[in-house]
Structure formats: C-alpha cells, structure tokens
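A.B. asks: Give me a 3D structure for the following:
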Amino acid sequence: MRFHSRFLSLMLAVMVLAALFALTACQPVRSPTDLTPAPVDAPLLSVEEQAIADAALQFVAGQLGIEGEALHIQSVEAVQWPDASLGCPQPDMVYAAVITPGYLVIVERAGELYAVHTDSSIDGVKIICTQE
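C.D. replies: Numbers count the residues shown, from 1 in each chain. Predicted structure coming up:
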C-alpha cells in the first residue's frame, strides 16, 4: 500500500508539472518587431568624454552666441591628431609636427552638424573645423 501511495503522489506531481509546462507554452509569443527599444537621447560617455563633450557644447554655444540647450552631442571620439593643428590647419599657420591626443566631438543644432576638434584637456584648445 505504501508503494501505491508513493506512486500516486509521484504521478500527481508529474501531472501538475506537465500542466504547468503546458500552460506556459500557451502564453502568447511576442515577435521581435513588437518590441520597441527605449530611445537614447545621447551617446553613453565616460566621465572624461562627458566633460570634453560639455566643454565642446559651451564652446560652440559661445561661438554661435546661443544657449547651450539648443545643442546636442552626436558623438565623441578619442583621436590622435597628426600635428598641433588638431587636424584642422589654418592658412598661413605653422604647427608643431607632433602627434596630439584629443577628441573629435560632433555637435548638432537643428540638423546642422559642427565638428569640434579638441586637445585632450577639458579646458584646452577647441576648434570648429569646417574642412570636413
């Protein structure tokens, strides 16, 4: 009788598990197209990149004479400029021929893009390069 009771308990447990699996299998499946990703307003930046981006925004806002809220960061990329011109040589200027670490920051305002070339310092040299 003991064997019979254990067998029935085991069978009951198996049936309950089978019923649970069957119920979970009946859940509606959402296709990947039904899922919408959360919008991202700005690129994810390191602390240093964010500081460079903020400084570039202030620089562009000052150059254009506008409020910084009208500007948005499109990208921040660490670069090695080929010389001290930060990749944006000006006519009649001479630059030291030394690799200069810095950043290329793309700033957007109402669909217009500004390429800001910087050195690696937050309060260092910044240039809006129009040669790109």
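A.B. asks: got the domain boundaries for this protein?
C.D. replies: What automatic domain parsing lists as the domains of the chain is 2-34, 47-129.
A.B. asks: quick one: which of those domains has the weakest pLDDT on average?
C.D. replies: Among the domains of the chain, domain 2-34 carries the lowest mean pLDDT, at a mean of 61.
A.B. asks: who touches the host helix or strand of residue 59?
C.D. replies: Residue 59 belongs to helix 47-64 when assigned by DSSP states H and E. With Cβ atoms under 8 Å, 6 or more residues apart in numbering as the test, helix 47-64 has contacts from 45, 67-68, 70-71, 73, 76, 78, 103, 105, 107, 109, 114, 116, 118, 122-123, 126, 128. Heads up, the C-betas are built off the backbone N, CA and C, glycines and all.
A.B. asks: Mark which of those residues are part of strands, please.
C.D. replies: Using DSSP state E, the members of the contacts of helix 47-64 that fall within strands are 73, 76, 78, 103, 105, 107, 109, 114, 116, 118, 126, 128.
A.B. asks: Check these and tell me the two furthest apart.
C.D. replies: 78 and 109 (23.1 Å; Cβ to Cβ).
A.B. asks: show me what contacts residue 96?
C.D. replies: Counting by Cβ under 8 Å, 6+ apart, residue 96 has contacts 83-84.
A.B. asks: please redo it, this time with the cut-off set to 10 Å
C.D. replies: Applying Cβ atoms under 10 Å, 6 or more residues apart in numbering to residue 96 gives the contacts 83-85.
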